[in-house]
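What shape does this take:
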Amino acid sequence: MSVSELLREMRPPAIRLVSAATFTIEQLTNAYNQTRVDYLVPMPMNAARLAEYIHHYHVDLDASLVALEGETMRGLAMLGVRAGRGWITRLGVIPTTRRRGVGRALVEALLDLGQRRGLAAAQLEVIQNNEPAYNLFARAGFETTHDLLVLRRPPAAAVHPPQGNAKWLEREVALGLLAERGDVVTWITETDSLVRVDHMQALAVALPDGSSGWLVFHEQKFRGLSLMLSRFVLHTQHGEPANVARNLLAHLYTRYRDLDTQIENVAVDDPHVPALREFGFIESFRRLEMRRPLP
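Numbers count the residues shown, from 1 in each chain. Presented below is the predicted three-dimensional model:
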């Protein structure tokens, strides 16, 4: 059976599944935003942001799908592809089309496409307490692997003076540090994602008691102006992680006191979390990472 025949067989009545590559970024953006109008965490996008998202996370539009009823877009789901793995993302169905099996058809079709491409596993993230989505993925064979935090910090000065010697590192050195990382790594925080992001840099600190560590982060810029900080990777080389993180953050916010910060997919049990909370990071919401093998 061909892929097109399979998709016809799996679709709900009156719905057909079509490759996302046949649509413009503007059309995909509009459909995505319609699926999120009543979402637990809406996360709207514009076309430029969606194009950036597709680039950063290796989204394969040929393997991504749009659900059509007639010529009307009713849902979509995207598939990132890396090193024998697939990542299901941006899955959504327009509210008036839900409970008709469209989400299930999209997930099952993506999994089949992944198998046909020889992928060994699939993964995704779902917002905690989004029970319909969680149940959909659980029925499709996904199991929870990690509890993750999405954190935000409003602009503010450091909560105490920094200690130790700090060294600011440029992009190439910063990305090289990621080989040392020991944190939980999800699709959006993998090195393969971060190497595609501009303005990555790092801060390393050495403390008087011999403790040391580093922070890789993204300074978002627009026309030369700094807008916000994001994409933190904290790593302790020696010493107590919360103390190392505390001083990394003290140095960081001595320099960037006027910038908002948002970081995603920090493991709930990451030993640096107490320092993040001390410095004013607030939990926006939680995600569950889920994975399943592909036979």
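
where exactly do the strands run in the stretch 151-295 of the chain?
Per DSSP state E, counting those that start in this stretch, the stretch 151-295 of the chain carries strands over the ranges 165-169, 200-206, 212-222, 225-238, 260-267, 282-293.

Looking at those, which is nearest to L17?
strand 282-293 (20.2 Å; C-beta to C-beta). Heads up, the C-betas are built off the backbone N, CA and C, glycines and all.

what about M43, neighbour count?
Counted with other C-beta atoms under 10 Å, the neighbours of M43 add up to 12.

Quick check: chain neighbours aside, which residue is closest to it?
Spatial nearest neighbour of M43, excluding adjacent residues (C-beta to C-beta, 6 or more residues apart in numbering): R36 at 6.3 Å.

Next, Y134: secondary structure please.
Three-state call for Y134 (DSSP: H, G, I helix; E, B strand; the rest coil): helix.

ok, the residue nearest to it when sequence neighbours are not counted to F285 distance?
Counting by C-beta to C-beta, 6+ apart, V126 is the residue found nearest to Y134 once chain neighbours are left out, at 5.3 Å. Distance of V126 to F285, given as C-beta to C-beta, to the nearest Å: 11 Å.

Looking at these two, which one has more neighbours?
Neighbour totals were compared for V126 and F285, and V126 leads with 23 against 15 (other C-beta under 10 Å).

before we move on, the earlier item: among the strands of the stretch 151-295 of the chain, which comes closest to R99?
Between the strands of the stretch 151-295 of the chain, strand 282-293 lies closest to R99; by C-beta to C-beta that is 21.5 Å.

tell me the angle of the closest one relative to strand 260-267?
40 degrees (axes from the mean of the first three to the mean of the last three C-alpha atoms, to 10 degrees).

can you list contacts of strand 282-293?
For strand 282-293, contacts defined as C-beta atoms under 8 Å, 6 or more residues apart in numbering pick out 40-41, 120-128, 134, 137-138, 140-153, 186, 262, 264-265, 268.

Just the buried residues of those residues.
Among the contacts of strand 282-293, those scoring as buried are 122-128, 134, 137, 140, 142, 146, 148-153, 186, 262, 264-265 (criterion: 16 or more other C-beta atoms under 10 Å).

Just the element for G86, please.
Taking DSSP states H and E as the definition, G86 sits inside strand 85-93.

That strand pairs with which strands?
Partners of strand 85-93 in the sheet, by DSSP bridges, are strand 72-82 (antiparallel), strand 121-127 (parallel).

Now the helix or strand just after that strand: buried residues?
Downstream of strand 85-93, the next assigned helix or strand under DSSP H and E is helix 102-116. Buried residues in helix 102-116, counting neighbours by 16+ other C-beta under 10 Å, are found at V102, G103, A105, L106, V107, E108, A109, L110, L111, D112, L113, G114.

And for stretch 191-204?
Result for stretch 191-204 [16+ other C-beta under 10 Å]: buried residues S193, L194, V197, M200, Q201, A202, L203, A204.

which ones are touching the first one?
Contacts of S193 were listed using C-beta under 8 Å, 6+ apart, and they are H56, Y57, H58, W187.

Would you check that D260 makes contact with L229?
Yes: using C-beta atoms under 8 Å, D260 is in contact with L229, at 7.5 Å.

Run through the stretch 51-200 of the chain and note the low-pLDDT ranges.
Within the stretch 51-200 of the chain, no stretch has pLDDT under 70.

Now do D183: how many residues are near it, please.
As a measure of burial, D183 has 17 neighbours, counting by other C-beta under 10 Å.

ok, it touching L234?
Yes: the pair D183 / L234 is scored as a contact, 7.1 Å apart, by C-beta under 8 Å.

Mutual contacts of the two, please.
D270.

now stretch 172-181, how far from the chain's geometric center?
Taking C-alpha atoms, centre = their mean, to the nearest Å, the mean C-alpha location of stretch 172-181 is offset from the chain mean by 19 Å.

Would you work out how far apart the start and end of that stretch are?
With C-alpha to C-alpha, to the nearest Å applied, stretch 172-181 spans 16 Å between its terminal residues.

buried residues in it?
A174, L175, L177, L178, R181.

how's this structure carved up into domains?
The record's domain split for the chain, according to automatic domain parsing, is 3-119, 151-288.

for those, which one sits closest to P295?
Nearest to P295 among the domains of the chain is domain 3-119 (6.9 Å), distances taken as C-beta to C-beta.
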